[in-house]
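*Asks:* below is the structure, and that's it, no one-letter string:
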């Protein structure tokens, strides 16, 4: 079926069910960032494969709303679908709710699959629609059209993430969470976010591409812990760990039936949980809507986890250096494409001990494709790469001890002064953020501008956040902390791991990004308070061919030289021959 | 009556009225920052004269909660009052509501004067107290004790702030506000904040120390505008302007009676208005709680107002330079005190055209008194000033065309290397913030760290905001924008005037602050968006004796030299003789 055919089938179902508008969010019942295959409803329907965006279909029109990262990619993928691109955040683009109100008849009906939207979003939607006398209903309309969701899906094993790597036992985590439940006067706590489920029980899986998680829910009461999961997936050790931790295992499918037994409880639940859970519980219980307490505990890595990061960074750095040597030396000599380069990099990483898989699909953008922010080179027909111009490579690995995420921008051929200048401005930002010291209580939004100032000074900027949280052998994007322009009340706390990735993008020309992972750590205590700083975790040199040294201040140059020297200390023992020789040039002071 | 005697009288009244705890906020019915004399209940009761703080009295205990700015000053003023200092924001200090709950009997009663607290605060208080079965009641208890509130108060005239200086007519302002009322679907709008009342009607007064405002309320309906004001205060032109603008003038005392006539309206009102208004209206009306629309309009200065700022800065700069010459040359030669220095400075300002008065009580802090952040030197017994060490002078003027606020830190004698270093770190922060360019949409919290980084790098910081909004011949502190660590969603908009005042304070030793006023202005439009920058408004050199030049980066040094050159261009024509000679040395490049 083409997208146009799918939309047409959907419209027929809408007519049958007296639905005037249907919203297909990009979501699963666990509000995951990356979706299990069977929940990729929006991309199945529209053909648009970006990480963010949703489709609204009415009888006469259909639109896809997505953000600036996809303004180049989306029109290509939406071609012939009959779905119009709605550029979110641009002047003149209607808000999708206003658009629905203007498109459908008075007293109309809007449908959403409540399993695939959060309580927060549902309530916002309901309030705005009901103000205009429009009804909001729960309907899994696509179920009737997309019948073969994940044929022959195999049972991905769920296995133990041992306390030697987690740094904290399941018993301790459950006890810490129950303490928070008590503080909030909650009798029951429901966890539906997959990374929180996996973190809480020191388990890992592979139900979601690149994320070591598995489909599951947890229901905690004061004395009982129930894990809802496909029981066949758990290996022997995982079952044993659950038994020892007094966790009762129940079938994933029984979760909603179990909710029917919960009555007269004070339920601690994140408003970012799916609306279906709220529908099941709302009649007989009181909600305490708050962030999952384990979410912040997960974000603040313990010393064992940080040591895990430091260990895998060395392996990842060795793979990266071998890859960079291969790429810069073979480009133009052997045939390669953006896609094959990603595969090659995967191959280098795979040589590393305890490598599990990629932490996200590699972004390899040659020349102008570097400007497509979350570009994913297609297997067939991706751009051929030679020894011209520049390439942006953003990639990462999942290892049993930790997760990596790194971006380097490389010259494969000659580079214009303008490119080098912009590349250096973004690098200055990365270095400035790496060097900053700040008092306890500081939030990411207070530091974001340090990464942007060099660009701002020239009327330039980048259209994405500067940093996101990174999990420990866990999702490469996690909260609650970040470093962005947006207002996020979460303070930075020692142990938090965050990316530091300023960039610069010139549409249709080139893209630049430099990314290291950094960890918040205590720097000193003075009579003026406690001060924090960042420890850089990522170990991999930058390409000096894209740096205009004269634009660096003396402290920036010193930082870069010290960083490169540290890279040498950490990596050179694991390199040999030509690679090692090339590497020792790469890390020489500039 | 001593404070102890007042507290004792209050406790008797509390017993008579069956009140277990009485909260005396520092507030008037208009939620003004500076209080009219008759509303200085907290300082009348406690003796503590700081700008922030409140007192809670129970039968057995009494406490004053105030913040870090007053931890030095408060204990001195509270001596013998029987009131304990509660250091807000310090570990171990109880929240005052928790404290009340722990101090008073079960099912007890707490009283507040609803005229002297905002709706926001009242509702917060009510929610927390009612959760513990404690009653909150409105009672003006102090009225019965403090009988002679403002004996013989004279009628301060209310006069016209002409459109030639305001840049916008009353008719236009009322029309703009009514447009916002329509957008919010409001039928009535009540303005109770004094600066908003004065701004809206292009009137000025002097009911509050240093603030050119007058006691008044405005009630706006779609077709009517009513100003509640002491009618005798309005001069002929003011009355004429009100008549021409179709504003009905009614006695101030009739405001609450008028509220009784408002029924079935949708009332746009700031939740920062006093709770009494809400009590009068709540039975029969719907509230639309939102910021007063005129507040943001007021903050965004028009070109006429900005030109006014530029004009008065020149006059203020001349006064400041004459003052600085006098101070640095006479200190140690003629007897002077912190208080007399403030008077002397007032004298220099008074020579300027259209000078109306100080925009706040000058802060003159010699040596260790500089560390007392909102220090106010007493008329009798303030510190004698000679030619030792350093002095901090923070002052400002109200002129018919605009308002100034400036701080300079000066060497009167020898200065330690450590002092010079810290002074330079704070100056680097001021310069960095002055130089920053940033995209449209940026908030103050994103820029605050630029002013702090040089200090942070050495584990130092200052315990106050970096910048506050400044009015146009209006309050020296105004919202909604600021530059602080705190989360404030208000974006910076061209025309906003803000202070830029990093500092450094070493308790019992010295205080440092450098303050210029800056205005947001458009810098450029690029393909990456619209970018803003700051225009520095304040014209007055910095003392080179407190600057360690080697700590300045090249861009910082260049900024400072350019600033001093600009000061020379703007001021030297109005200086003569020895002052001019000294001045031309002061502004030489460093």
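*Replies:* Arrived safely. It should be emphasised that the depicted structure is a prediction, and the values quoted were computed from it without experimental measurement.

*Asks:* which residues of chain A lie near chain B?
*Replies:* A:436-439, A:441-443, A:445-450, A:453, A:456-457, A:459-461, A:485, A:487, A:489, A:523-526, A:528-529, A:531, A:553 (C-beta under 8 Å from any C-beta of the partner chain). No exception for glycine: its C-beta is placed from N, CA and C like everyone else's.

*Asks:* just the buried subset of these, please.
*Replies:* A:436-439, A:442-443, A:445-450, A:453, A:456-457, A:459-461, A:485, A:523, A:528, A:531 (16 or more other C-beta atoms under 10 Å in any protein chain shown).

*Asks:* in strands, which of those fall?
*Replies:* A:437, A:438, A:439, A:523, A:531 (DSSP state E).

*Asks:* helices or strands up against the worst-scoring helix or strand of chain A on mean pLDDT?
*Replies:* When the helices and strands of chain A are scored by mean pLDDT, DSSP states H and E, helix A:73-78 comes last with a mean of 93. If you count contacts as 3 or more C-beta pairs under 8 Å, 6 or more residues apart in numbering or on different chains; DSSP states H and E, helix A:73-78 packs onto strand A:62-66, strand A:84-87.

*Asks:* from those, which stretch is densest packed?
*Replies:* strand A:62-66 (a mean of 24; mean count of other C-beta atoms under 10 Å in any protein chain shown).

*Asks:* could you export the helices and strands packed on helix A:73-78 as CSV, including distance to residue B:87 and mean pLDDT?
*Replies:* Converted to CSV, the helices and strands packed on helix A:73-78 look like this (distance: least, C-beta to C-beta, whole Å; pLDDT from 0 to 100):
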stretch, distance to residue B:87, mean pLDDT
strand A:62-66, 50, 97
strand A:84-87, 51, 96
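
*Asks:* shaky segments in chain A?
*Replies:* A:151-152 (pLDDT under 70).

*Asks:* now do whichever strand or helix holds residue A:391: which elements does it pack against?
*Replies:* According to DSSP states H and E, residue A:391 maps onto strand A:390-395. In terms of contacts (3+ C-beta pairs under 8 Å, 6+ apart), strand A:390-395 is packed against helix A:338-350, strand A:363-366, strand A:406-411, strand A:510-513.

*Asks:* columns mean neighbour count on top of the ones you listed, output as TSV?
*Replies:* Formatted as TSV, the helices and strands packed on strand A:390-395 follow (neighbours: other C-beta atoms under 10 Å in any protein chain shown):
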stretch	mean neighbour count
helix A:338-350	19
strand A:363-366	26
strand A:406-411	23
strand A:510-513	26
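
*Asks:* nearest to residue A:539, of these?
*Replies:* For these, the distance to residue A:539 is smallest for strand A:406-411, at 9.2 Å, taking C-beta to C-beta.

*Asks:* residues contacting the closest one, please?
*Replies:* If you take C-beta atoms under 8 Å, 6 or more residues apart in numbering or on different chains as the criterion, strand A:406-411 is touched by A:316, A:320, A:324, A:327-328, A:363, A:370, A:389-396, A:423, A:501, A:503, A:511-517, A:538, A:540, A:542-543, A:545-546.

*Asks:* show me what contacts the residue most central in space within chain A?
*Replies:* Taking C-alpha atoms, centre = their mean, the centroid of chain A lies closest to residue A:477, which sits 3.2 Å from it. By C-beta under 8 Å, 6+ apart, the residues touching residue A:477 are A:33, A:468, A:469, A:470.

*Asks:* if you rank these by neighbours, which is first?
*Replies:* residue A:470 (27 neighbours; other C-beta atoms under 10 Å in any protein chain shown).

*Asks:* what's the nearest residue to it if we skip its chain neighbours?
*Replies:* Distances taken as C-beta to C-beta, 6 or more residues apart in numbering or on different chains place residue A:497 nearest to residue A:470, at 4.7 Å, with adjacent residues excluded.

*Asks:* isn't that neighbour right up against residue A:518?
*Replies:* Yes: if you go by C-beta atoms under 8 Å, residue A:497 and residue A:518 touch, sitting 7.4 Å apart.

*Asks:* what do those two both touch?
*Replies:* The contact lists of residue A:497 and residue A:518 share residue A:537, where a contact means C-beta under 8 Å, 6+ apart.

*Asks:* what's around the residue lying closest to residue A:480 once chain neighbours are set aside, how many residues?
*Replies:* Leaving out its chain neighbours, the residue that sits closest to residue A:480 by C-beta to C-beta, 6+ apart is residue A:490, at 4.4 Å. By other C-beta under 10 Å, the residues close to residue A:490 number 18.

*Asks:* isn't residue A:490 right next to residue A:442, touching?
*Replies:* No: in terms of C-beta under 8 Å, residue A:490 does not count as a neighbour of residue A:442; the distance is 10.8 Å.

*Asks:* spit out the residues that contact the two alike.
*Replies:* Common neighbours of residue A:490 and residue A:442 (C-beta under 8 Å, 6+ apart) do not exist.

*Asks:* pull the number of nearby residues for residue A:565.
*Replies:* 13.

*Asks:* that one is in what secondary structure piece?
*Replies:* Going by DSSP H and E, residue A:565 is part of helix A:554-571.

*Asks:* sorry, back to before: ok, now which ones touch the residue nearest to residue A:480?
*Replies:* A:296, A:443, A:444, A:479, A:480, A:481, A:482.

*Asks:* mind checking which of those residues are buried?
*Replies:* A:296, A:443, A:444, A:479, A:480, A:481, A:482.

*Asks:* quick one, what contacts the residue of the stretch 151-300 of chain A found nearest chain B?
*Replies:* The nearest approach of the stretch 151-300 of chain A to chain B comes at residue A:185, 11.1 Å away (C-beta to the nearest C-beta). Residues near residue A:185 by C-beta under 8 Å, 6+ apart: A:266, A:288.

*Asks:* do the same with the one 4 residues further on
*Replies:* With contacts taken as C-beta under 8 Å, 6+ apart, residue A:189 has the following neighbours: A:177, A:181, A:218, A:219, A:220, A:221, A:267, A:268, A:269, A:292, A:293.

*Asks:* coming back round to it: I'd like the contacts of residue A:490 as TSV, with distance to residue B:380 and secondary structure appended.
*Replies:* Output for the contacts of residue A:490, formatted as TSV (distance: C-beta to C-beta, whole Å; DSSP: H, G, I helix; E, B strand; the rest coil):
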residue	distance to residue B:380	secondary structure
A:296	54	helix
A:443	45	strand
A:444	50	helix
A:479	58	strand
A:480	54	strand
A:481	53	strand
A:482	55	strand
